[in-house]
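Novice: whatever this is, show me its structure:
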Amino acid sequence: MKILLSNASPHPIYDQILRQVRAQILSGDLTEGEALPSIRKLAQTLQISVITTKRAYDELEREGLIDTVGGKGTFVASPNAEFLREKRVRDVEEKLAGALDAARASGIGTEELQRMFTLLLEQDHD
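Specialist: Predicted coordinates:
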């Protein structure tokens with residue numbers, strides 16, 4: 001598991017951990033049943049507070065992405081297909097909203113944007 005923290009990031013440290021671990025699970029870089037570092041070990045490795053790593057792990061557990069087994073450790077949870085699909089759809093929606101904002105800021109109108117999107121879809125099928 002790779003985590004890079006940035007003091008320049010607008011996101012709190014626990015959120016940086018959460019986002020990176022979530023992305024690694026959703027992309028398949030971390031697979032079902034794979035052991036994650038303990039809260040203490042991750043805190044030590046990243047040189048941050050145990051409370052910060054616990055907060056990230058607690059959120060990942062609430063999302064159903066990891067499971068903690070007492071006395072054994074923390075593991076990537078069995079994938080919930082519907083949950084994973086919803087996360088991916090939300091990610092696409094956020095990226096499309098960002099593209100729409102950029103288009104509006106650049107003065108690109110709806111018709112031109114639709115043509116661009118259609119062209120991209122056609123290129124994808126070639």
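Novice: which element is residue 11 on?
Specialist: In this structure, residue 11 is located outside every helix and strand according to DSSP states H and E.
Novice: what ranges does the chain have for its strands?
Specialist: With DSSP state E as the definition, the chain shows strands at residue ranges 35-36, 66-69, 73-76.
Novice: what's the weakest-modelled helix or strand in the chain?
Specialist: Taking mean pLDDT, DSSP states H and E as the measure, the chain has helix 81-105 as its least confident helix or strand, at a mean of 86.
Novice: list the buried residues in that helix.
Specialist: For helix 81-105, the neighbour count (16 or more other Cβ atoms under 10 Å) marks 87, 103 as buried. No exception for glycine: its C-beta is placed from N, CA and C like everyone else's.
Novice: gap between that helix and the chain center?
Specialist: From the chain centre to the centre of helix 81-105 is a distance of 12 Å (Cα atoms, centre = their mean, to the nearest Å).
Novice: same for that helix, what does it pack against?
Specialist: Contact partners of helix 81-105 among helices and strands, from 3 or more Cβ pairs under 8 Å, 6 or more residues apart in numbering; DSSP states H and E: helix 13-27.
Novice: which residues of the chain score low on pLDDT?
Specialist: When the per-residue scores of the chain are filtered using pLDDT under 70, the ranges that remain are 80-81, 126.
Novice: please parse it into its domains.
Specialist: The chain breaks down into these structural domains: 13-76, 81-125 (assignment by automatic domain parsing).
Novice: what about the last one, distance to the chain center?
Specialist: Relative to the centre of its chain, domain 81-125 is centred 18 Å away, using Cα atoms, centre = their mean.
Novice: check contacts around residue 42.
Specialist: Listed by Cβ atoms under 8 Å, 6 or more residues apart in numbering, the contact set of residue 42 reads 3, 17, 36, 53.
Novice: now do 7 Å
Specialist: Contact analysis of residue 42 by Cβ atoms under 7 Å, 6 or more residues apart in numbering lists residue 53.
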